[in-house]
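> Below: sequence and its predicted model.
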Amino acid sequence: MSALVVQFLNGLASASALFLVACGLSIIFGVSRIVNFAHGSFYMLGAYLAWTLTRGLGWVGYGPLGFWGGILIAALIVGLIGVLIELVLLRRIYQAPELFQLLATFGVVLVVQDLAMAIWGAQDLLGPRAPGLRGAFDVMGQRFPEYEMLLILIGPIVLGLLWLLFNRTRWGTLVRAATADREMVAALGVDQRKLFTSVFFVGTFLAALGGGLQLPREPVQLHMDMAIIADAFVVVVVGGMGSVGGAYLAALLIAQLQAFMLLVPDFEIAGLTISIARMTLIPSFLVMAVVLILRPYGLLGKAPSHARTQASVEPVVRATPPILAKLGFASVAAMILLPLIADEYGLMVATEILIFVLMAASLHFMMGPGGMASFGHAAYFGLGAYGAALAAKHFNAPMEAGLVAGPVLAALGGILFGWFCVRLSGVYLAMLTLAFAQIVWSIAFQWVAVTGGDNGVLGVWPSIGKTGFFYLSLAFAVIGVLLLRRAIYSPFGYALRGARDSALRADAIGIDVKRVQWAAFAIAASFAGSAGALFAYFKGSVFPTYAAIPKSVDALMMVLLGGVQTISGPLVGAIVYMGLHEQLVRVTELWRLVLGIAIIALVLAFPQGIAGFAAKRFAKEDGA
Amino acid sequence: MSVLSVRGLRKSFGGVEAVAGVDFDVTAGEMLALIGPNGAGKTTCFNMLMGQLTPDSGTVSFDGADITGLPPRAIWRRGVGRTFQITATFASMTVAENVKTALMSHRGDLGRFFARATALHKDDAIALLDQVGMADQRDRACGVLAYGDLKRVELAVALANSPRLLLMDEPTAGMAPQERVALMELTRQLARARDIAVLFTEHDMDVVFGQADRVIVLNRGKLIAQGTPPEVRAHKAVRDVYLGAGTTSGGH
Ligand SMILES: Nc1ncnc2c1ncn2[C@@H]1O[C@H](COP(=O)(O)OP(=O)(O)O)[C@@H](O)[C@H]1O
Ligand SMILES: [Mg+2]
């Protein structure tokens, strides 16, 4: 009994931390419609800065003033950093497609990661304990830390303050009005710029505060950003985008579930130890699943009043021009001859590029014709890799079987996750795909008994030599791309594009929009899975990072670089991006920083996408 | 024999009864106009007939079978075509591809992943486009068409499943006056020739009184009159609504 009460209190304390981060994300989204990927980075920065300041403010002693002052000042500084980013970056891209906004904020994530690494180093930093709150309460015979008790209070206090801010101030009224109907507020002549900037300040301040308050609870480290952002996305989706109350409710629900999961003892199924207690993302998944079935726009969310008018009309997919077809044949022929001239390193690079060509083509299939932007495509790549690796490790499966097991596992994942994802669209869908990818990552990371956790699965070697494997990858890439291309020109492809262009019309001519999209989701997942399986044998090992967010972004970059509109675009994008990536990692330690800046610069230079830019420049008379 | 039969149809949004108990029938080959001022509930009515909205109560029967609450795709498969007040076409496809997609759906091709869509139903698509006078524009992208042309493409798409009932919500909105009459004239010929029941809403009274066989008048969610065009034109309540006895702000 007392254990239950303590878990309940633990849940409340975690909910507060989660709420601080998620509500900022939700408010920013509500007003600016920007999904701020960098929100977790602000949380992390808040923690790092607070770590420094609580020590650096030594002149006020290590007492309460130094501690609380440090956390507050850190949060204020991060808030100002947020303002700077809003002014320099976001302000220029409010009109850009949602995906580009997400990408730009992801650029910020990369930059912050490398900067934090450079400033604070890679080791975990232990924070100070809160002065005056080092003791513990006695809760029915169990010890419960005073600091946790304080955290429990902070959540509702911040919720209350936000409520006052939103309901008792003119600023709050404007924020609420803008969340409900942005166009209307603009039409009424409100200075949107100031509103957006101030909202961004509040949001980032809250995130950093959440980070700083973690100091006494857990060490500060470089993975904090990605760890929290997935949870925060889930909270925001479950609570309803833009709803602060919903965010608290969702944080409470998820944190409580996570707390009580810890009490579930390990059990065994077919000799596999299943440790529910360690799968901390599973409860988030379950809550999200149930909520999205019952209330697609979250507990307290409303359906978006008017779907964002995407100005771009997708061009007509025409038959491949003969010259492009010839170019395709020529490059395949050149690839076949490559082993004659390339050295081993060159062959390895080419193999890797081929694998990612397949990955990019699969993402393009669901993003372009499917109109479903996935921010978590690495989930299926990772599932494919693990499918192959686990078959090899646990069942001694030969490579041929592994190359089947990978895509099958990925397809199953696509079928499961896709069922939920197709219920949403646009940026909601993108957030959900990301959350699912984090779940796959966390299973790979946390289910050590099966996946080896962080150490990965080693010794997944191909049964053929390097040249042979190159040809295998070539075959997979060429056949995969041709199959996907064929599907785009097939009746199914028309149904899919129809569902994207006008769900209303598609439904009115007998197309089951969700089913078609679901099928496309699963197909894309299985092709990504075969790329992942190949990659497992290529590297000889599989790690959780295969399913991590940066891999998803890699795939996204390839597709966006080449252009969503054309079928050949992603192929070119994969080749260019992989080539650049390869070189970057070779020449600099700070490749994330450079890549992040490159992404930001790209988005700023081509806010409508490179393909959109090209289309404008080379606009044909038909507009096609 | 009535193709469509509507009984006691109701729908409210919040506190507002958009459609407040409506009954009517449409028979095969008949052009029935549903008129009424803006906000009378016409579009809401259409959306319930085609399954985009679920009625609060009431029944919709098509060919004697209850189709109330079925999703649009199921209703379409039974043989109901629809055009929208704001045109809904596939902008990334050519005119011919729009019609072909509807044909492929009708003939159960859409589950095929490896067939080449270009080869399918080409002649049928052109034949349909020919009927609405759009065959010569078949290779243009729908995203760049003039509005009036889009309406015609929608009509061709709606005809692709050889429907027994056509639902047309403001089919001529946004068209030039001569074009309007021409489009509805065309619709009427098609309806006669193929014995299709047509229910349409329309603001242009020349079109309504020129093309409809029968007219029903909706105001504030209720049917206030029905009959032949001359009967409705002479109806007291209709004159009040349209000529303004101070009750509503009328349509055009
Ligand atoms: N989705 C909706 N939510 C709330 N009210 C609606 C909705 N759709 C229509 N209405 C209201 O129902 C009434 C009828 O609208 P509508 O059917 O569009 O009329 P019409 O097509 O005759 O102009 C109007 O008062 C309108 O404001
Ligand atoms: Mg209407």
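Happy to help now that I have it. Numbers count the residues shown, from 1 in each chain, chains lettered A, B, ... in the order given. Ligands and ions are numbered 1, 2, ... in the order given.
> in a helix, that's where A:Pro407 is, yeah?
Yes: judged by DSSP: H, G, I helix; E, B strand; the rest coil, A:Pro407 forms part of a helix.
> which one is it nearest to, not counting chain neighbours?
In space, and not counting its chain neighbours, A:Pro407 is closest to A:Gly529: 3.9 Å by C-beta to C-beta, 6 or more residues apart in numbering or on different chains. Just so you know, the C-beta spots here come from the backbone N, C-alpha and C atoms, and that holds for glycine as well.
> and if you look at B:Met175?
B:Gly148 (4.3 Å).
> what ranges do the helices span in the stretch 1-150 of chain A?
With DSSP state H, counting those that start in this stretch as the definition, the stretch 1-150 of chain A shows helices at residue ranges A:2-32, A:39-56, A:64-88, A:98-120, A:146-168.
> For the stretch 1-150 of chain B, which segments count as strands?
With DSSP state E, counting those that start in this stretch, the ranges of strands along the stretch 1-150 of chain B come out as B:2-13, B:16-27, B:31-35, B:57-62, B:65-66, B:80-83.
> most neighbours per residue, which of the helices of the stretch 1-150 of chain A?
Most buried of the helices of the stretch 1-150 of chain A by mean neighbour count (mean count of other C-beta atoms under 10 Å in any protein chain shown) is helix A:39-56; its value is a mean of 26.
> re earlier: quick one: pLDDT of the residue nearest to B:Met175?
Per-residue confidence (pLDDT) for B:Gly148: 85.
> and it, how many neighbours?
Applying other C-beta atoms under 10 Å in any protein chain shown, we find 17 residues neighbouring B:Gly148.
> quick one: it and B:Met50, what's the gap?
Distance, B:Gly148 to B:Met50, by C-beta to C-beta, to the nearest Å: 23 Å.
> Could you pull up the residues touching the residue nearest to A:Pro407?
Contact analysis of A:Gly529 by C-beta atoms under 8 Å, 6 or more residues apart in numbering or on different chains lists A:380-381, A:383-384, A:387, A:406-411, A:413-414.
> likewise A:Ala378?
Applying C-beta under 8 Å, 6+ apart to A:Ala378 gives the contacts A:437, A:441, A:546-552, A:554-555.
> How many residues are close by residue 220?
As the question left the chain open, I've gone with chain A. A:Val220 has 24 nearby residues by other C-beta under 10 Å.
> let's do chain B instead
Around B:Arg220 there are 18 residues (other C-beta under 10 Å).
> these two touch, right, A:Arg92 and A:Leu604?
Yes: if you go by C-beta atoms under 8 Å, A:Arg92 and A:Leu604 touch, sitting 5.9 Å apart.
> These two: who's more crowded?
Taking other C-beta under 10 Å, A:Arg92 and A:Leu604 do not tie; A:Leu604 has more neighbours (16 against 13).
> May I have the phi/psi pair for that one?
Dihedral pair for A:Leu604: phi -70, psi -40, per degrees, to the nearest 10.
> got the contact list for it?
Counting by C-beta under 8 Å, 6+ apart, A:Leu604 has contacts A:89, A:92-93, A:104.
> cool, and A:Gly456?
Contacts here follow C-beta under 8 Å, 6+ apart; on that basis A:Gly456 touches A:541-544.
> what about 10 Å?
Going by C-beta atoms under 10 Å, 6 or more residues apart in numbering or on different chains, A:Gly456 touches A:385-386, A:389, A:444-445, A:536, A:539, A:541-546.
> Closest residue of the stretch 351-500 of chain A to ligand 2?
Residue nearest to ligand 2 within the stretch 351-500 of chain A (C-beta to the ion): A:Gly498, separated by 23.9 Å.
> Report the beta-bridge partner residues of the residue nearest the centre of chain B.
Residue closest to the average C-alpha location in chain B (C-alpha atoms, centre = their mean): B:Met168, at 1.4 Å. B:Met168 has these beta-bridge partners by DSSP bridges: B:Thr83, B:Phe200.
> What's the first helix or strand after the helix or strand containing A:Ala531?
Using DSSP states H and E, A:Ala531 sits within helix A:513-539. Sequence order places strand A:541-542 as the next helix or strand after helix A:513-539, per DSSP H and E.
> Averaged pLDDT, that next one. What do you get?
Per-region confidence: strand A:541-542 scores 94 on mean pLDDT.
> Report the inter-axis angle for the helix or strand that it is followed by versus helix A:98-120.
Remark: after strand A:541-542, the chain's next helix or strand is helix A:549-562, criterion DSSP H and E. If you take axes from the mean of the first three to the mean of the last three C-alpha atoms, to 10 degrees, helix A:549-562 sits at 130 degrees to helix A:98-120.
> Can you check what angle separates helix A:549-562 from helix A:39-56?
130 degrees.
> Just the buried positions in helix A:549-562, please.
Buried residues in helix A:549-562, counting neighbours by 16 or more other C-beta atoms under 10 Å in any protein chain shown, are found at A:549, A:551-562.
> Ok, stretch A:558-576 next?
Buried residues in stretch A:558-576, counting neighbours by 16+ other C-beta under 10 Å, are found at A:558-575.
> Restricting to those, which residues neighbour ligand 2?
Restricting the buried residues of stretch A:558-576 to those touching ligand 2 (C-beta under 5 Å from the ion) yields no residues.
> Around chain B, which positions in the stretch 401-550 of chain A sit nearby?
A:483-484, A:486-513, A:515-516, A:519, A:523 (C-beta under 10 Å from any C-beta of the partner chain).
> Name the pair among the contacts of A:Gly456 with the greatest separation in space.
Spanning the widest gap among the contacts of A:Gly456 are A:Phe445 and A:Lys539, at 17.5 Å by C-beta to C-beta.
> who has more neighbours, these two?
The residue with more neighbours, out of A:Phe445 and A:Lys539, is A:Phe445; 23 against 18, by other C-beta under 10 Å.
> just to confirm, which helix or strand has that one in it?
Judged by DSSP H and E, A:Phe445 forms part of helix A:426-446.
> got it, and A:Arg193?
Assessed by DSSP H and E, A:Arg193 sits inside helix A:192-213.
> can you pull the buried residues of that helix?
Applying 16+ other C-beta under 10 Å to helix A:192-213 flags A:192, A:195-213 as buried.
> Stretch B:15-28 now?
Neighbour-count burial for stretch B:15-28 flags B:17-20, B:22, B:24-26, B:28 (criterion: 16+ other C-beta under 10 Å).
> How about stretch A:448-456?
By neighbour count on 16+ other C-beta under 10 Å, the buried set for stretch A:448-456 is A:450-452, A:456.
> Just the ones of the residues you listed in helices?
Those of those mapping onto helices are A:450-451, per DSSP state H.
> picking up where we left off before, so the residue nearest to the centre of chain B versus ligand 2, what's the distance?
According to C-beta to the ion, to the nearest Å, B:Met168 stands 12 Å off from ligand 2.
> Is any residue of whichever helix in chain B runs longest near chain A?
As assigned by DSSP H, the longest helix anywhere in chain B is helix B:177-194. No: contact of helix B:177-194 with chain A (C-beta under 10 Å from any C-beta) is absent, the minimum separation being 17.2 Å.
> and stretch A:204-223, average pLDDT?
92.
> Can I get that stretch in CSV, CA atoms only?
Output in CSV follows, covering the C-alpha atoms of stretch A:204-223 (Å, rounded to 0.1, in the frame of the first residue of the first chain):
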residue,chain,number,x,y,z
THR,A,204,11.6,28.4,-23.8
PHE,A,205,11.8,29.9,-20.3
LEU,A,206,9.5,27.2,-19.0
ALA,A,207,11.4,24.4,-20.8
ALA,A,208,14.7,25.7,-19.3
LEU,A,209,13.1,25.9,-15.9
GLY,A,210,12.0,22.3,-16.2
GLY,A,211,15.6,21.4,-17.1
GLY,A,212,17.1,23.4,-14.2
LEU,A,213,14.7,21.8,-11.7
GLN,A,214,16.0,18.4,-12.8
LEU,A,215,19.5,19.1,-11.3
PRO,A,216,19.0,17.5,-7.9
ARG,A,217,17.2,14.6,-9.5
GLU,A,218,19.4,13.3,-12.3
PRO,A,219,22.8,14.0,-13.8
VAL,A,220,23.0,16.5,-16.7
GLN,A,221,23.9,14.9,-19.9
LEU,A,222,23.9,15.3,-23.7
HIS,A,223,20.9,12.9,-24.4
